[in-house]
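> Based on what follows, work out the 3D shape:
(chains A and B)
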Amino acid sequence: MQFPTIAAKLIRTVNASTTRTTNNNRAAEQSCLSLLQACNTVAKVVQLHARILKLGLQNNPLVLTKFTSTSSELGATDYASSFLFCPDADTRLYDTFLFNTMIRAYAQTSHSKNKALCLYNGMLHFGISPNKFTYPFVLKACAGVGDLNVGKSVHGSVVKYGFDDDVHVLNTMVHMYCCCDGGIECGRKVFEEMPKSDSVSWSAMIGGYARLGLSTEAVGLFRKMQIEGVRPDEITMVSVLSACADLGALELGKWVESYIEKEGIQKTVELCNAVIDMFAKCGDVDKALKLFRNMSEKTIVSWTSVIVGLAMHGRGLEAISLFEEMIGKGVTPDHVAFVGLLSACSHSGLVEKGKSFFSIMTQEYGIAPRIEHYGCMVDMLCRTGLVNEALEFVKKMPIEPNPIVMRTLISACRVHDELKLGESITKLLIENEPMHESNYVLLSNIYAKMFHWEKKTKTREAMDKKGMKKIPGSTMIELDNQIYEFVAGDKSHEQYKEIYEMMDEMGRKMKRAGYVPSTSEVLLDIDEEDKEDALNRHSEKLAIAFALLNSPPGTPIRIVKNLRVCSDCHSATKFISKIYNREIVIHSLKHS
DNA sequence: ATAGGGTTAG
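Okay, the predicted model is just below:
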């Protein structure tokens, strides 16, 4: 930072212009420029570069700039930078545009965000001033790195250089903060305080909330956007739909779909994909399939959305046949498509098929398994009750299992009575993640199943001491454009008497149809009769009773549970669906 | 020559 002085900059400018004017090889310069313009492969750039060196034009500013931009456009950024920053390079030729070109190239490629930041630091080191075009690139690189402190320091520079009034810079800054761990509040602050905001600013913020799973905030902000009269575009709508999908809010999603029609928002492939994903995740997989079939242009994302949707709703065989149809059409699956495929196998108990797809993925498609793929395999083995095989699988994994995989194992240990094993894994996990509440819930559930009530109480106390609270289970239901929420034993609703009568009736009819309450997941120190009672008051059943009372016979019932659905509610729902002739879709927001 | 989006296992 101490290098740049105004004098040094002046000398540099003068020297650069001298080089330009004394260059008597104008014809060669022109020919190089037009050849560079026509370059379309890296090989040609390399060839041409040899010629540039031979002609001694490597320090010609025009040629250097063109060489740099052509190389980086073709993905040969490292090649260009090795010459630009070699020890005998003429640093007098460095300027803002040259650095912007290089930083942009690195900021756009996924594994080179750090290089972009290095170049930005180098730029300051050489005394080259950034301009308002530099910062969108730099901030984009920060977003990729995801380090809040790095982001804050760049924010400081933006203020120092006075670009904090530029809407493009600020929009990217909002996006950057939203991509950093724990940065969403900073993003919101920049968003709130920016002098002018447009649809891009709102999209960045709404998208930020949606990505983090803060879907209610995302939808709320979209409402605020409409109140403030900012016209959303197709990119805003993608984020809003993604929030709807996450919330399982089918009615809202349908409204968004008609809003898109009404407002004439451009239906890009990506927007159509988001609509399909919303329907698939909200339980209307057939609607998603229909839209998918009618799409004129499909991408891998379109296929994956439907495959994941089918997998989520237990239609594993259809998911697999759709995957095979996709291969038949010559579409190359990516790692996400394989996650969908493997989860389809897992949800439908197709262990052998799953194992074979897992090996095909690497052997035929050259896709290295990621933690998500290993997670699917562990889940698949655990669901089938092969807990020990799952454990062996985890031990042999070439990458560290993450907490999600560990929690899958622990749940399986509890369900399949490997309680000692479950206890020891959970203790390890708590050491690594002391502030994650579901770890304590898992441990206390294991103690409950071991009848270690004292240890269970202690675990709860440890949670309280750390200021963590267990989130109470609740179920939401959308009826006539209103959202009703129920918690276990809820009596706050004005119809509560009718609801409880309905539940009694449901219980009687279910028992007659052969339903046996499964009390094994009631983790309370109470006797069997009370356990049944506790089950009957679960929020899922309340919401279903409410829906049976208030919606026309034969119409589907869709409910959204904030936590995992217990096994008893799962089986009870199947009975209720049959007895009352209603399709019942349960959407769960969390899985552990 | 400048900005923002989607699909991912429990």
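> Which secondary structure element is home to the residue of the stretch 201-350 of chain A found nearest DNA strand B?
Per Cβ to the nearest atom of the strand, residue A:301 is where the stretch 201-350 of chain A lies closest to DNA strand B, at 1.6 Å. In short, each C-beta sits where N, CA and C put it, glycine included. Using DSSP states H and E, residue A:301 sits in helix A:300-312.
> Is residue A:585 in a helix, a strand, or coil?
Local secondary structure at residue A:585 is given as strand here, using DSSP: H, G, I helix; E, B strand; the rest coil.
> show me the contacts for the residue lying closest to it once chain neighbours are set aside.
Using Cβ to Cβ, 6 or more residues apart in numbering and skipping residues adjacent in sequence, the residue nearest residue A:585 is residue A:283, 3.4 Å away. Contact partners of residue A:283, counting by Cβ atoms under 8 Å, 6 or more residues apart in numbering, are A:248, A:250, A:313, A:556, A:558, A:585, A:587.
> Which residue ranges of the stretch 401-550 of chain A form strands?
Using DSSP state E, counting those that start in this stretch, the strands assigned to the stretch 401-550 of chain A run over residues A:474-479, A:482-487.
> neighbouring contacts of the last one?
Applying Cβ under 8 Å, 6+ apart, the contact partners of strand A:482-487 are A:472, A:473, A:474, A:475, A:476, A:477, A:478, A:493, A:539, A:542, A:543, A:546.
> What mean pLDDT does it get?
For strand A:482-487, the per-residue pLDDT values average out at 80.
> quick one: strands adjacent to it?
Looking at strand A:482-487 with DSSP bridges, its partner strands are strand A:474-479 (antiparallel).
> returning to that earlier point: any idea of the pLDDT on the residue of the stretch 201-350 of chain A closest to DNA strand B?
Model confidence at residue A:301 (pLDDT) stands at 94.
> what does the stretch 201-350 of chain A have sitting close to DNA strand B?
Residues of the stretch 201-350 of chain A lying close to DNA strand B (Cβ under 7 Å from any atom of the strand) are A:203-204, A:207, A:210-211, A:233-236, A:238-239, A:242, A:245, A:268, A:270-271, A:273-274, A:277, A:281, A:299-302, A:304-305, A:308, A:334-337, A:339-340, A:343, A:346-347.
> Of those, keep whichever come out buried.
For these, a burial check counting by 16 or more other Cβ atoms under 10 Å picks out A:203-204, A:207, A:210-211, A:233-236, A:238-239, A:242, A:245, A:271, A:273-274, A:277, A:281, A:301-302, A:304-305, A:308, A:336-337, A:339-340, A:343, A:346-347.
> In helices, which of the residues you listed fall?
If you go by DSSP state H, these have A:203-204, A:207, A:210-211, A:234-236, A:238-239, A:242, A:245, A:271, A:273-274, A:277, A:281, A:301-302, A:304-305, A:308, A:336-337, A:339-340, A:343, A:346-347 in helices.
> how about residue A:390, what does it touch?
Applying Cβ under 8 Å, 6+ apart, the residues near residue A:390 are A:378, A:381, A:382, A:408, A:409, A:412.
> and of the residues you listed, the nearest to residue A:429?
Distance to residue A:429 across the contacts of residue A:390 (Cβ to Cβ) is lowest for residue A:409, with 9.5 Å.
> Can you give me the neighbour number for the closest one?
26 (other Cβ atoms under 10 Å).
> ok, residue A:500 to DNA strand B distance?
Residue A:500 sits 32 Å away from DNA strand B, taking Cβ to the nearest atom of the strand, to the nearest Å as the criterion.
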